[in-house]
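In: Structure for the following, please:
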Amino acid sequence: MDILLVASAFNSLSQRIYAELSDQDHRVDAVLATHGADPVRAAVREHRPELIVAPMLKTAVPEDVWREHTCLIVHPGPPGDRGPSSLDWAAAERATHWGVTVLQAEAGMDAGDIWASEPFAVADVGKSDLYRNEASDAAAKAVLEAVRRYADGSHKPRPQTEDSVHVVWRDFFRQERRRIDWEHDTTDTVLRKLRGADSQPGIRDELLGRELFLHGGHPEDELRGRPGELLATRNGAVCRATRDGAVWIPELRPRKNSGDPAPFRRPAASVLASLVDDGEHGEHGALGLPESPVPLELPPGCRTWSDIRYRQSGTTGFLTFSFPGGAMSTDQCRRLLAAYEHALTRPTSVLVLGAPRDFFSNGIHLGVIEAAADPAEESWTNLNAMDDLVEAVLRTTDRLVVAALAGNAAAGGAMLALAADEVWSRTGTVLNPHYRRMGLYGSEFWTYSLPRRVGADTARRLTTEALPVSAATAERLGMVDRLVPAAPGDFATDVERLATALAAAPDLGRRIADKAATRRKDEEVRPLAAYRRDELARMHAIFYDPEAPYHALRSAFVRKTPAGSVRPLAPVGGDGR
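Out: Predicted coordinates for the structure are as follows:
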C-alpha cells in the first residue's frame, strides 16, 4: 500500500513505524505537521495515499483530510483512554500494565473506532525509556496489525461506544501535579516524579535562585543533607538531598523566556555553573560542590548513579554506558575511552559494549556543542574524542568486541557499534547509519567500517538516502550479526548468556588470531590514519564554515524549532524521544 506518515516529529517511534512498514513492502512517505495543516494537505495531494498513519501527533489531523481518507492515530494508552498525557498518568498512578491503541481519526480526541490495541507491562524506568521500548514494541505490533486489517478489507473497527470499552478522559498533566516538595516527599516519590518527566517536559523547580527544569533522576544511597540542598557533582550530574535520602539529576534546562542563551537540556552541572561562574573558576569550583567519584566496578548492592560501569564474569567483560538521549559529549567520550582502556587491561577474551536497555549511542552531543562559546571548536573537539574512542575499538586485536544494541543507534553512535567485531541488536531497535540530515559528511571511520560490512554501493545508498533502518533490515544488509528477540527488560540477560557462550566457543582463539591478521592486512592496504585524516578534513571544512547548513540544522534540532516538512531530521546526537 501507499502509506503517508503524519507526525509532529520524526522521533524514535515515527522512525520505527516508517522502517517496519517499509520492511512489509509498503511504500511509505512522511510529512511533519509542524507548520500547520497546509503541509499535510499538500502531502496528501502529492502522494495520494491509500492510508494515513500518525505515529506521534500533537495536533489534530485536518478535518478535510480525515473525512476523505482513513487516518489511523497511534495513542499511547489502552482502549478507552483519552487525553494528551497518557504515559504521564501511567507513571503518576504507578500503573503496572498499560497499552497502545490504534484508532481512527474523528472529531473527538482519541474517540475514534479502534483498529488494534496491544497491552504491555510497565517497567520501573523513566517515561522516555518506557516510550522507546515497551510502548514502542506494543505500538509497532498494533500498527502492523491495524494496517493488515485495513488492507484485508474485511475487518470492522470496534466503536468506543461499546460497553466493553471503559472510556476515561485524562487531562493534560500540568506542572502543578509534578511539583516536588523537597521537605516532605520521600526519595521514592521524588524519583517517580522525576522519571515521569525525564525527557519532556521536565519538572519546574528552583535552583540557585533561578527557575529551571529538572530532567531525569537516579537514587543515591550514601550522600545526605538538608532537603533540597545540592550535595555534590559527578560527571556533569548533580546530587540533591531529599527528606530521607538523595537523588542524582543528570540534566537541567533553563526556561525559554529566562534570557539564557541556551534554553535546552544539557548536563546539570554545566547549567548551574553558567549561572554562577565568575570566569575564574572551573565548572565545579564555581558551584562550590565537591566532585563525588565512583569506581567503574561498583560493589554489590550499591545504589548510586554512574553513566559508565564495568564488570566481569569469567572471561567476559561488560562495559556498560548510558548517556541521556544517547548523546556523547567530549567529556563522556573521553571517560568512556578511559573505561575501555581499563577493560582492555582485564583478562578477558570477549568484551561487550552497550547499555542494558535503551539507547546505544547517537554520536556527538549537539546540545553541549550548541551551548559552547565556540560551537565550531567544540564540534571539532567532540568529534575527535569520538574518533579516538572508535579507533581504540578498531585497533583491539587481542579479544573479540561485541556491540550490544539494546536501543537505537545513529550517526557516530552507529559507527561506534560497527567498529566492533560483532553487532547484536534487540529486534525493536532502529539504526540511522548516516549524517546527511544534520548537514555533515561524517567521521568515526565510517568510510572504513560501513563499506566493509555492507559493500560500497549499499554504504553510499544508506548515507545519501539517510533513512532509518530496522534491526531486521540491518541484519539483512550486514550491519547486524545477530538479532536478539528479547523484551526490553530481558535483553541484558540474553546478551550475557550469548556472550558467555561465545567466550567458551572452541574456535574463539582462531577467530581472535584471524581478526588480528585481517587488521594487519587492512592496515597495509590503507591505514586507519588515512581514513581519519580524509574524513576529518571534510568535517573541519563544515564545522568552521559559518554558512554551512550544519549550524542552522544543529540549532533547530537542539532548540526544537521547525526544520523542514517532508522526511524530516532523524534524532542524531539528541534525545530522539
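In: List the residues that contact Pro451.
Out: Listed by CB atoms under 8 Å, 6 or more residues apart in numbering, the contact partners of Pro451 are Ala459. For the C-beta atoms, the positions are set from N, CA and C on the backbone; glycine is no exception.
In: Can you tell me how far the closest residue to Leu477 other than its chain neighbours is from Phe360?
Out: Counting by CB to CB, 6 or more residues apart in numbering, the nearest residue to Leu477 once its immediate chain neighbours are dropped is Val454, at 4.9 Å. Going from Val454 to Phe360 by CB to CB, to the nearest Å gives 18 Å.
In: same thing with Glu46?
Out: Glu46 is 35 Å from Phe360, by CB to CB.
In: The two - which one has more neighbours?
Out: In this comparison of Glu46 against Phe360, neighbours counted by other CB atoms under 10 Å, the higher total goes to Phe360 at 28 against 12.
In: what about that one, distance to Leu207?
Out: For Phe360, the distance to Leu207 equals 31 Å [CB to CB].
In: how about His540, what does it touch?
Out: Contacts here follow CB under 8 Å, 6+ apart; on that basis His540 touches Trp380.
In: Please read off the pLDDT at it from the model.
Out: At His540 the predicted local confidence, pLDDT, stands at 98.
In: Mind checking what helix or strand follows the helix or strand containing it in sequence?
Out: Assessed by DSSP states H and E, His540 sits inside helix 528-543. Reading on from helix 528-543 to the C-terminus, the next helix or strand found by DSSP H and E is helix 549-559.
In: Count the residues that sit near the closest residue to Glu465 other than its chain neighbours.
Out: Closest residue in space to Glu465, ignoring its immediate chain neighbours: His434 at 7.7 Å, by CB to CB, 6+ apart. Around His434 there are 26 other residues, counting by other CB under 10 Å.
In: try Val271
Out: Here the number of neighbours of Val271 (other CB under 10 Å) works out to 26.
In: wait, isn't it in contact with Arg210?
Out: No - taking contact to mean CB atoms under 8 Å, the distance of 9.2 Å between Val271 and Arg210 leaves them out of contact.
In: intersection of neighbour lists for the two?
Out: With CB under 8 Å, 6+ apart as the test, Val271 and Arg210 both reach Pro254.
In: Quick check: phi and psi at the residue lying closest to Ala410 once chain neighbours are set aside.
Out: Using CB to CB, 6+ apart and skipping the chain neighbours, the partner closest in space to Ala410 is Asn432 (3.7 Å). Backbone torsions of Asn432, given as degrees, to the nearest 10, read phi -120, psi 80.
In: ditto for Arg436
Out: Here is the backbone geometry of Arg436 (degrees, to the nearest 10): phi -60, psi -40.
In: And it, how close does it get to Arg460?
Out: Relative to Arg460, Arg436 is positioned 11 Å away (CB to CB).
In: Pick out whichever of these two has more residues nearby.
Out: Between Arg436 and Arg460, counted using other CB under 10 Å, Arg436 has the larger neighbour count: 17 against 13.
In: ok, the residue lying closest to that one once chain neighbours are set aside - how many residues close by?
Out: If the residues on either side of it in the chain are set aside, Arg436 comes closest to Ala466, at 4.2 Å by CB to CB, 6+ apart. Ala466 has 18 neighbouring residues, counting by other CB under 10 Å.
In: just checking, Ala466 touches His434?
Out: Yes - between Ala466 and His434 a contact is recorded at 4.3 Å, counting by CB under 8 Å.
In: ok, which stretches of the stretch 251-400 of the chain are helices?
Out: Under the criterion DSSP state H, counting those that start in this stretch, the stretch 251-400 of the chain contains helices at 268-276, 283-287, 330-344, 366-371, 375-394.
In: What helices and strands are in contact with the longest one?
Out: Think helix 375-394. helix 330-344, helix 366-371, helix 411-418, helix 528-543, helix 549-559 (3 or more CB pairs under 8 Å, 6 or more residues apart in numbering; DSSP states H and E).
In: ok, Thr447 - contacts?
Out: By CB under 8 Å, 6+ apart, Thr447 lies in contact with 531, 534-535.
In: Quick one: buried ones out of these?
Out: Using 16 or more other CB atoms under 10 Å as the burial test, the contacts of Thr447 include 531, 535 as buried.
In: Local confidence estimate at the residue lying farthest from the centre of the chain?
Out: What lies farthest from the middle of the chain is Asp163; by CA atoms, centre = their mean that is 39.0 Å. Listed pLDDT for Asp163 reads 76.
In: Am I right that it falls within a helix?
Out: No - secondary structure of Asp163, determined by DSSP: H, G, I helix; E, B strand; the rest coil: coil, with no helix assignment.
In: Dihedrals phi and psi, it?
Out: phi -60, psi -20.
In: And it, how far from Gly83?
Out: In this view, Asp163 and Gly83 are 21 Å apart by CB to CB.
In: Kindly report the same for Arg520.
Out: Taking CB to CB as the criterion, Arg520 is separated from Gly83 by 61 Å.
In: ditto for Asp181
Out: In this view, Asp181 and Gly83 are 25 Å apart by CB to CB.
In: and what of Thr161?
Out: Computed with CB to CB, the distance linking Thr161 and Gly83 is 18 Å.
In: Same drill for these two, tell me which one is more crowded.
Out: Neighbours per residue, other CB under 10 Å: of Thr161 and Gly83, the larger number sits with Gly83, 17 against 9.
In: In this structure that one contacts Ala111, no?
Out: No - taking contacts as CB under 8 Å, Gly83 lies outside contact range of Ala111: 10.9 Å.
In: pLDDT below threshold where in the stretch 1-150 of the chain?
Out: Low-confidence regions of the stretch 1-150 of the chain, defined by pLDDT under 70, are absent; no residue qualifies.
In: for the stretch 301-450 of the chain, same thing?
Out: Confidence mapping of the stretch 301-450 of the chain against pLDDT under 70 gives zero matching residues.
In: and the residue lying closest to Trp66 once chain neighbours are set aside, how many residues sit next to it?
Out: Leaving out its chain neighbours, the residue that sits closest to Trp66 by CB to CB, 6+ apart is Ala105, at 4.0 Å. Neighbour count of Ala105, defined by other CB under 10 Å: 26.
In: What separation do you get for Ala105 and His75?
Out: Distance from Ala105 to His75, by CB to CB: 11 Å.
In: what does Thr396 give?
Out: With distances defined as CB to CB, the gap from Thr396 to His75 amounts to 46 Å.
In: So for those two, which sits in the more crowded spot?
Out: His75 (25 against 21).
In: Find the residue closest to the more buried one in space, skipping its chain neighbours.
Out: The shortest distance from His75 to any residue that is not its chain neighbour, by CB to CB, 6+ apart, is 4.7 Å, and that residue is Thr101.
In: Please work out how many residues are found near that neighbour.
Out: Around Thr101 there are 29 residues (other CB under 10 Å).
In: ok, now Trp380?
Out: The local packing count at Trp380 equals 18, with neighbours defined by other CB under 10 Å.
In: Which neighbours do Ala105 and His75 have in common?
Out: Contact criterion CB under 8 Å, 6+ apart; no residue bridges Ala105 and His75 by contacting each.
In: dump the residue contacts of Ile369.
Out: 375, 378-379, 382, 554.
In: wait, isn't Arg482 in contact with Ala501?
Out: No - proximity of Arg482 to Ala501 does not meet the contact threshold set by CB under 8 Å, at 11.4 Å.
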